[in-house]
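> give me a 3D structure for the following:
(2 chains)
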Amino acid sequence: MPVHNSDIATIFNRVADLLEIKGENPFRIRAYRNAARTVEGLSQSVADLVRDDQDLSTLSGIGKDLAGKIAEVVETGELPLLADLESEVPGEVSQLMRVSGLGAKRIAALHRTLKITTLEELEQAATEDRIRDLEGFGTKTQQSILQEIKRLKQQRQQRMKLAVVEQYAEPLVEHLRRAQGAKDIVVAGSYRRRKETVGDLDILATCKKGADVMDRFVRYDDVERVIAQGKTKSTVRLRSGLQVDLRVVPEVSYGSAMLYFTGSKEHNIAIRKVAIAKKLKLNEYGVFRGNKRVAGRTEAQVYEEIGLPYISPELRENRGEVEAARNGKLPTLIENEEIRGDLHVHTKRTDGRHTIEQLVEAARERGHDYIAIADHSKRVTVAHGLKPKELREEIEEIDRINERLNDFTVLKAVEVDILEDGSLDLPDDVLKELDLTVCSVHSKFKLSRTRQTRRILKAMDNRYFTVLGHPTGRMINEREPYEVDMDKIMEAARDRGSFLEVNAHPDRLDLNDLHCKMARDMGVKVAISTDTHRLDDLDAMRFGVSQARRGWLEADDVINTRSVTELKKLLKRSHRT
DNA sequence: GCCGTTTTCGGCCCGACTGTTTTCAGTCG
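Down below sits the predicted model:
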């Protein structure tokens, strides 16, 4: 049984939950949670590192003890500490942590007094009014427990896709802007960090009279339930299930509040430590020397005061950005305006909705200089994938269109399937007619990691292989990525001069942020492409750019920031003779 | 349990809101 990073993270989080319920040292608990997060965020497999005898204690938040425990899990699949803990407190008890409003202390009390270990037992106890009389509990707590259980049952509580959340966030922000005295209304949190999924919304407001905007907030049409309401902070749940926090802050604290509520929590902790080292205190109200506020109006001022350059929200994950900032090594992140074209677009010839001319027109309106028509190959029968003859017809059509265009180029491409044996779904003598190929896996997702990797590497051996399309095949919240050895794939891409796609479709966004960073570190360039099927899809480019920014990418790391001339040179180099 | 421009011990981010209290613990982010 291969041990995945997520398995280790789950075990450590489980240990942390149980230690917390036992009332152990909070810092020891935090150490387990930090380690879980570190392991989960690694792009390499910890199991591989252990096998290669790498020293895990060099990883942040992992010391000698936890390194040993990780090795133990990798080798045996189990952690004796967890088994010991579970003999004292049943493991299922940690499931109760999912009930919002219940923390370790109350769960421990429930377990101690009423012997509650499962959600069902909790629900029953609440229904039978056995909870409200416990010390520290009351009628309201009991009622909110029942409400939470009901919610947990009916909706699988999962993070929503960024593009979906935007549809709720934008009208709400507009609604708040109309409040009397409202000045700045901004969505902070993971939304501002442009994370691919968002758990809840954090909205920040500055205004003359806080009461108006608060009032307007809790009375918004889409609010299902007001969870908390105060002078400076309120929390509601929208009908969609999305939780939204609104904080009202004074203007002198706007920057520090923005920083604080944008997070990530881990980034905040890291920069607070930087502040402490300079004998300063940083909180959401500002930077303080003693009792004197020395910064806080803007984020830039706050960073400057603690001796750092401005760090873009997308980088604020405590993945090395604070150190890079300190050493003047922050990347100059790619901007939307630097994208010159789109290298993965489908037409009605396969499963797209529009003609090449319509796509050209739409791409031009969006400021592009080129698009690559990349329809499916024959293997994808459901999408009417092209046979060689049909692709040749499309190539001829593109040639005719290009003759008429003077300041725009249609590139000849295909999204060709990588078959199970690693061969490409179309013969070389038609592929060689193209400017580029987007090579993708659309079948046999369940192959073992070894075989899936071998399959892709074999495909990359084809001299006409240019871009690996949606490299892990995951669909956010719907389909897990297929198992591949991304290290080997990136090495091969670097050695062969091929590229990896960052698929900008908000359901995919794959390469993910960690893989983007890995590509950059390994010197592999990417193409950010929309995989457009209908004209509106062209607008998804910005989601791909955000993902790339989260992965530290600069314009130079992305091939479609090049002019068409420069791009063609790059593509030619990848065609090996 | 981790970590070090307060370095091998003694810290470890910090404030708002709620419910249950009668001054505060628990939870959350």
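> list the contacts of the spatially closest residue to residue A:353 that is not a sequence neighbour.
Distances taken as Cβ to Cβ, 6 or more residues apart in numbering put residue A:534 closest to residue A:353, at 4.5 Å, once the chain neighbours are dropped. C-beta: built from backbone N, CA, C; applies to glycine. Residues near residue A:534 by Cβ atoms under 8 Å, 6 or more residues apart in numbering: A:352, A:353, A:354.
> now the phi/psi pair for residue A:534, please.
The phi/psi pair for residue A:534 (degrees, to the nearest 10) reads phi -140, psi 160.
> that one and residue A:29, how far apart?
49 Å (Cβ to Cβ, to the nearest Å).
> same question for residue A:116.
Applying Cβ to Cβ, the value for residue A:116 to residue A:29 is 21 Å.
> what's the answer for residue A:428, then?
For residue A:428, the distance to residue A:29 equals 58 Å [Cβ to Cβ].
> now the one residue in chain A that gets nearest to DNA strand B. Nearest residue, chain neighbours left out?
Per Cβ to the nearest atom of the strand, residue A:138 is where chain A lies closest to DNA strand B, at 1.6 Å. Leaving aside its sequence neighbours, residue A:138 sits nearest to residue A:132 (Cβ to Cβ, 6+ apart; 5.7 Å).
> hmm, that neighbour is touching residue A:145, no?
No - applying Cβ atoms under 8 Å, one finds residue A:132 not in contact with residue A:145, separated by 9.7 Å.
> so which residue is dead centre in chain A?
By Cα atoms, centre = their mean, chain A has its centre lying nearest to residue A:196, at 3.6 Å.
> contacts only, for that residue.
Residue A:196 sits in contact with A:161, A:162, A:476, A:506, A:509, A:512, A:513, A:547, where contact means Cβ under 8 Å, 6+ apart.
> tell me how far the nearest residue to the last one once chain neighbours are set aside lies from residue A:199.
To tie it back to what came earlier, the one meant is residue A:547. In this structure, residue A:547 finds its nearest non-sequential neighbour in residue A:509, 4.8 Å apart by Cβ to Cβ, 6+ apart. Noted for residue A:509: a distance of 16 Å to residue A:199, by Cβ to Cβ.
> now the residue of chain A closest to DNA strand B. Its backbone dihedrals?
phi -160, psi -180.
> just the buried ones among the contacts of residue A:534, please.
Applying 16 or more other Cβ atoms under 10 Å to the contacts of residue A:534, the neighbour count classes A:352, A:354 as buried.
> can you put the contacts of residue A:534 in TSV and add secondary structure?
Output for those, formatted as TSV (DSSP: H, G, I helix; E, B strand; the rest coil):
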residue	secondary structure
A:352	coil
A:353	coil
A:354	coil
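> ok, so of the contacts of residue A:534, who is nearest residue A:501?
Proximity to residue A:501 was ranked across the contacts of residue A:534 by Cβ to Cβ; first place goes to residue A:352, at 17.1 Å.
> could you list every residue that touches the closest one?
A:345, A:346, A:359, A:375, A:532, A:533, A:534.
> tell me the spacing between it and residue A:422.
From residue A:352 to residue A:422 the distance is 27 Å (Cβ to Cβ).
> again with residue A:243
Per Cβ to Cβ, residue A:243 is found 46 Å from residue A:422.
> what residues go with each domain of chain A?
Taking automatic domain parsing as the reference, chain A has its domains at A:5-154, A:160-248, A:260-326, A:336-574.
> next, count neighbours for the closest residue to residue A:88 other than its chain neighbours.
Closest residue to residue A:88 apart from its sequence neighbours, by Cβ to Cβ, 6+ apart: residue A:22 at 6.9 Å. Using other Cβ atoms under 10 Å, residue A:22 has 13 other residues around it.
> returning to that earlier point: can you verify my assumption that the residue nearest to residue A:547 contacts residue A:516?
No - using Cβ under 8 Å, residue A:509 is not in contact with residue A:516, being 9.9 Å away.
> shared neighbours of the two, anything?
Shared contacts of residue A:509 and residue A:516, counting by Cβ under 8 Å, 6+ apart, come down to A:502, A:547.
> low pLDDT regions in the stretch 451-577 of chain A?
A:573-577 (pLDDT under 70).
> the strands in it, which residues?
Using DSSP state E, counting those that start in this stretch, the strands assigned to the stretch 451-577 of chain A run over residues A:467-468, A:499-503, A:526-529.
> chain center to the first one: distance?
Taking Cα atoms, centre = their mean, to the nearest Å, the mean C-alpha location of strand A:467-468 is offset from the chain mean by 21 Å.
> kindly report the same for the last one.
When C-alpha coordinates are averaged (Cα atoms, centre = their mean), strand A:526-529 and its chain have centres 17 Å apart.
> interface residues of the stretch 51-200 of chain A facing DNA strand B?
A:57, A:59-67, A:81, A:97, A:99-107, A:132, A:135-142, A:144, A:189, A:200 (Cβ under 7 Å from any atom of the strand).
> re the thing from before, pull the contacting residues for the residue nearest to residue A:88.
Neighbours of residue A:22 in contact, by Cβ under 8 Å, 6+ apart: A:85, A:88, A:89, A:108.
> narrow the residues you listed to those that are buried.
A:85, A:89, A:108.
> one step back: residue A:132 and residue A:145: who's more crowded?
Set residue A:132 next to residue A:145 and count neighbours by other Cβ under 10 Å: residue A:145 wins out with 25 against 15.
> how about the residues of the stretch 251-400 of chain A near DNA strand B?
So the stretch 251-400 of chain A meets DNA strand B at A:265, A:268, A:269, A:272, A:273, A:276, A:277, A:279, A:281, A:283, A:284, A:285 (Cβ under 7 Å from any atom of the strand).
> of those, just the buried ones, PyMOL syntax please.
Here is the PyMOL command that selects the buried residues among those (16+ other Cβ under 10 Å):
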select buried, chain A and resi 268+272+281+284+285
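> out of the residues of the stretch 251-400 of chain A next to DNA strand B, which are inside helices?
Those of these mapping onto helices are A:265, A:268, A:269, A:272, A:273, A:276, A:277, per DSSP state H.
> isn't the second one up against residue A:260?
Put plainly, it is residue A:268. Yes - Residue A:268 is in contact with residue A:260 according to Cβ under 8 Å; the separation is 6.1 Å.
> skipping its backbone neighbours, what lies nearest residue A:165 in space?
residue A:198 (4.4 Å).
> do residue A:6 as well
residue A:40 (6.1 Å).
> neighbouring contacts of the helix or strand that contains residue A:74?
In the assignment (DSSP states H and E), residue A:74 maps to helix A:64-76. The contact list for helix A:64-76, computed with Cβ under 8 Å, 6+ apart, reads A:3, A:7-8, A:11-12, A:31-32, A:35, A:39, A:46-47, A:50-51, A:55-57, A:59, A:62, A:78-81.
> same thing with stretch A:548-558?
Outside stretch A:548-558, the residues that reach it (Cβ under 8 Å, 6+ apart) are A:193-195, A:312, A:314-315, A:317, A:331-335, A:338-339, A:502, A:511-520, A:525-528, A:561.
> ditto for stretch A:246-256
A:176, A:183-184, A:202-207, A:210, A:213-214, A:217, A:231-236, A:257, A:261, A:282-287, A:293, A:295-302.
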